[in-house]
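Colleague: whatever this is, show me its structure:
(2 chains)
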There are 2 protein chains.
Amino acid sequence: MSEYSELGHDAATVGIVAKKYFTFAAPPHTLELESGARIGPVTIAYETYGTLAPDRRNAVLVLHALSGDSHVAGVYTPQDEKPGWWDCMVGPGKGIDTDRFFVVCSNVIGSCMGSTGPASTHPATGKPYGLEFPVVTIGDMVAAQKALVDHLGIAQLLCVVGGSIGGMQVLEWCVRYPQMVVAAIPLATTMRHSALAIAFNEVARQSIMADPHWNHGDYYGGPKPALGLAVARMIGHITYLSDESMRLKFGRRLQDKSDFSFNFDADFQVESYLRYQGRKFVDRFDANSFLYITKAADYFDLGQQHGGGSDVKACSKARAKFLVISFTSDWLYPTYQARSIVTALKKCGRDVSFCEIEAQWGHDAFLIPGARLKSLIHGFLQRVHDELRA
Amino acid sequence: MSEYSELGHDAATVGIVAKKYFTFAAPPHTLELESGARIGPVTIAYETYGTLAPDRRNAVLVLHALSGDSHVAGVYTPQDEKPGWWDCMVGPGKGIDTDRFFVVCSNVIGSCMGSTGPASTHPATGKPYGLEFPVVTIGDMVAAQKALVDHLGIAQLLCVVGGSIGGMQVLEWCVRYPQMVVAAIPLATTMRHSALAIAFNEVARQSIMADPHWNHGDYYGGPKPALGLAVARMIGHITYLSDESMRLKFGRRLQDKSDFSFNFDADFQVESYLRYQGRKFVDRFDANSFLYITKAADYFDLGQQHGGGSDVKACSKARAKFLVISFTSDWLYPTYQARSIVTALKKCGRDVSFCEIEAQWGHDAFLIPGARLKSLIHGFLQRVHDELRA
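Modeller: Next comes the predicted model:
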């Protein structure tokens, strides 16, 4: 996720919010994962916005991407300079209107933003898990979210919505817990990673694992694999942009210079920008979590895991109404992949709308304020909300 | 450059060839570089194929890409399992017919395949240059090639041909030494790197420089920055392929397994392939050369450096007849960039043919045997050869 704050966002926010925690699966009642491994206790960091209606039928679950967290909107303190990662979409009168909907966003397991992950304490050793943390899947992340939703007393979600890896979770929710999902908005996502997407993730993982500070995942308390993680982030960052957006944003403009350095400093603005993004990421994200979440994304295959190899069979399990959205310049999850979702859903007679949004920002487009995206989501939520009550 | 030997190539080869060396610019007559720095002596490794005609008007200069070398065709010994990197194109009866043309291919300065580069001995210290080696440009590479061509007694090249960074050298030749170039074939190339191409190169360089064994370029005699270079190569390798070629070649096929490993081994074939490509590259290529050549490519800007910012003005210096070729699935140097070359050349009235070849192999397509590419190059060379003698 990039900084596009210069594009502005709607002023009204949800205001000050607080991170909350829900812990479950305390031993001996551990959570069984898709790999067969078990973990427990499991803590889920989450935030809520707006008010749950008396009939509990206005809940919207927002699912974040690779490096996201539960902090989807608002600020933690009045001094916070940056609001949550989808503040442009979630808030009073916004695309996901917190005056009408009760919004829940939780950090995925395997991450490092409050939920249980490789940096958490392994109860058996009292030390951070590191690579002792079991490999989790998109399905496992969703199973943990289900425990949170149960805990919140929500029997049915009006909508699950998310982009990128969050979009994979949306699809997983719809086929894993079909009776619990009224509507779904998978954005800029896919039913499975292409070889290209796996390749980028693998190279990023190799970069982390090549850093001697990574030390087979056992670096907590010592120096972090900062350089390896920074390169991994830079690789990812390129895939979130597009040829066009990079041309518009950077072109070949030089960094504070009238000529080339003729050395290996950052000559071009795009180089400085990537170096900065890499450094900044290291401060806020755990390298092992990067490994685990990208692996979960690579493993995800809706048709394989829920349809015995058939996307149509997998999609036939879903009961939700769908709004599928892709972006023209997204080359990580190109529109043809979104169309595959739509085709599979239509083949089993599902209620599905599809929109490919003209956007120059590449994969990141789903995070960027845009009237078209806002109105699409706003209108869809209103429709499914009205239909539910009709 | 990838392995596509399974696609086969024409059987006839130039047979056994030998690498030769030409050394010039011995102090005090050093070579002045575009940066203002000077180096000398400069050695150029080169190979020749076929016979120079008595009138010396049948010479074709082939220019290699990032990791290429002078060994464009044939084998060094009868036991060699792999012929030169463009053996499918250069040989008796092939696209560049060595029965008719005298083919020259030299290793660029800055490389590590026999020409002077950062791994060469610094005459002032008796030790490898490392980062003491001056940053060279595409123009410097071409200036060194010009010295070799002069040395060979060739006043005019019938054709200069090359893909990728080799294509940049083709363009540079045409505007730097216009009277020496009768015809030119820039393939899968650009007049300047986009921000996207710079970004990929920069991340690859960061990966090398993040490896502690890199040691600010001073690693000769000690352990190489193998892991950093391997990741750099993997990044590059992805950009040489395409979404489609990777889907066809790998898809989501697993590596020797019926199920996921649920650890960080290579699960998918594409992961194993990239790891293998990375490891293999480390054996044959110098990390510092990777830094220098990618920097040269990023700096290259035909319009800026030869036209004061105008591509048309730069192209107006050229006298050659052009055959510009791009490939549909090349997203590193997409067809729109080739069209820019064609447009600029046409605006100044140059003789230019353009062909976009339908190909699934991405940027690597120019290296892969194909009847269409072969016949285009063959026909163009025959035409310009006939016109020269008409």
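
Colleague: around chain B, pick out the residues from the stretch 101-250 of chain A.
Modeller: A:131, A:134-135, A:192-196, A:198-200, A:202-203, A:205-207, A:209-212, A:227-228, A:230-231, A:234-235, A:238, A:241-243, A:246-247, A:249-250 (Cβ under 8 Å from any Cβ of the partner chain). Using the backbone N, CA and C atoms, a C-beta is placed for each residue, glycine as well.

Colleague: any of those buried? List them.
Modeller: A:131, A:134-135, A:192-196, A:198-200, A:202-203, A:205-207, A:209-211, A:227-228, A:230-231, A:234-235, A:238, A:241-243, A:246-247, A:249-250 (16 or more other Cβ atoms under 10 Å in any protein chain shown).

Colleague: before we move on, back to that, show me the residues of the stretch 101-250 of chain A next to chain B that map onto helices.
Modeller: A:195-196, A:198-200, A:202-203, A:205-207, A:209-210, A:227-228, A:230-231, A:234-235, A:238, A:243, A:246-247, A:249 (DSSP state H).

Colleague: ok, how many other residues are close to A:L332?
Modeller: A:L332 sits with 24 neighbouring residues when counted by other Cβ atoms under 10 Å in any protein chain shown.

Colleague: isn't it up against A:G362?
Modeller: Yes. Using Cβ atoms under 8 Å, A:L332 makes contact with A:G362 at a distance of 7.5 Å.

Colleague: what touches both of these two?
Modeller: Common contacts of A:L332 and A:G362 (Cβ atoms under 8 Å, 6 or more residues apart in numbering or on different chains): A:T239, A:Y240.

Colleague: where does pLDDT dip in chain A?
Modeller: A:1-11 (pLDDT under 70).

Colleague: switch the cut-off to 80
Modeller: By pLDDT under 80, the weakly predicted segments of chain A are A:1-11, A:256-258.

Colleague: quick one: the strands in chain A, in order.
Modeller: A:20-24, A:31-32, A:38-39, A:42-49, A:59-63, A:90-91, A:96-97, A:102-106, A:157-163, A:181-187, A:321-327, A:352-357 (DSSP state E).

Colleague: ok, the residue nearest the centre of chain A - contacts?
Modeller: Centroid-nearest residue in chain A: A:A65, 1.4 Å away (criterion: Cα atoms, centre = their mean). Listed by Cβ under 8 Å, 6+ apart, the contact partners of A:A65 are A:M1, A:G162, A:G163, A:S164, A:I165, A:G166.

Colleague: identify the bridge partners of the third one.
Modeller: In other words, A:G163. A:L187 (DSSP bridges).

Colleague: for it, grab the count of nearby residues.
Modeller: For A:G163, using other Cβ under 10 Å, the count is 31.

Colleague: enumerate every residue touching it.
Modeller: Counted by Cβ under 8 Å, 6+ apart, A:G163 has contacts A:A65, A:P186, A:L187, A:A188, A:T189, A:F366, A:L367.

Colleague: point out the other helices and strands that whichever helix in chain A runs longest packs with.
Modeller: Assignment by DSSP H gives helix A:371-389 as the longest helix of chain A. Packing contacts for helix A:371-389, counted by 3 or more Cβ pairs under 8 Å, 6 or more residues apart in numbering or on different chains; DSSP states H and E, involve strand A:96-97, strand A:157-163, strand A:181-187, strand A:321-327, strand A:352-357.

Colleague: quick one: the third one to strand A:59-63, angle?
Modeller: In this structure, strand A:181-187 runs at an angle of 30 degrees to strand A:59-63, with axes from the mean of the first three to the mean of the last three Cα atoms, to 10 degrees as the basis.

Colleague: how far does strand A:181-187 sit from the chain's center?
Modeller: Centroid separation for strand A:181-187 versus its chain: 14 Å, with Cα atoms, centre = their mean, to the nearest Å.

Colleague: got a list of contacts for that strand?
Modeller: Taking Cβ under 8 Å, 6+ apart as the rule, strand A:181-187 contacts A:156-164, A:166-168, A:170-171, A:173-174, A:318-326, A:338, A:341, A:366, A:377, A:380-381, A:384, A:388.

Colleague: what is the orientation angle of that strand with helix A:371-389?
Modeller: 170 degrees.

Colleague: buried residues in strand A:181-187?
Modeller: A:V181, A:V182, A:A183, A:A184, A:I185, A:P186, A:L187.

Colleague: pull the CA atoms of it into CSV?
Modeller: C-alpha atoms of strand A:181-187 as CSV (Å, rounded to 0.1, in the frame of the first residue of the first chain):
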residue,chain,number,x,y,z
VAL,A,181,-22.4,-14.0,4.1
VAL,A,182,-25.2,-12.0,2.5
ALA,A,183,-23.0,-10.1,0.1
ALA,A,184,-19.4,-10.0,-0.9
ILE,A,185,-17.1,-7.5,-2.6
PRO,A,186,-13.8,-9.0,-3.8
LEU,A,187,-11.6,-6.3,-5.2
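
Colleague: now do the contacts for the closest residue to A:Y220 other than its chain neighbours.
Modeller: Excluding its sequence neighbours, the residue lying closest to A:Y220 (Cβ to Cβ, 6 or more residues apart in numbering or on different chains) is A:P128, at 4.1 Å. Each residue near A:P128 by Cβ under 8 Å, 6+ apart is listed here: A:P118, A:A119, A:S120, A:T121, A:H122, A:Y220, A:G221.
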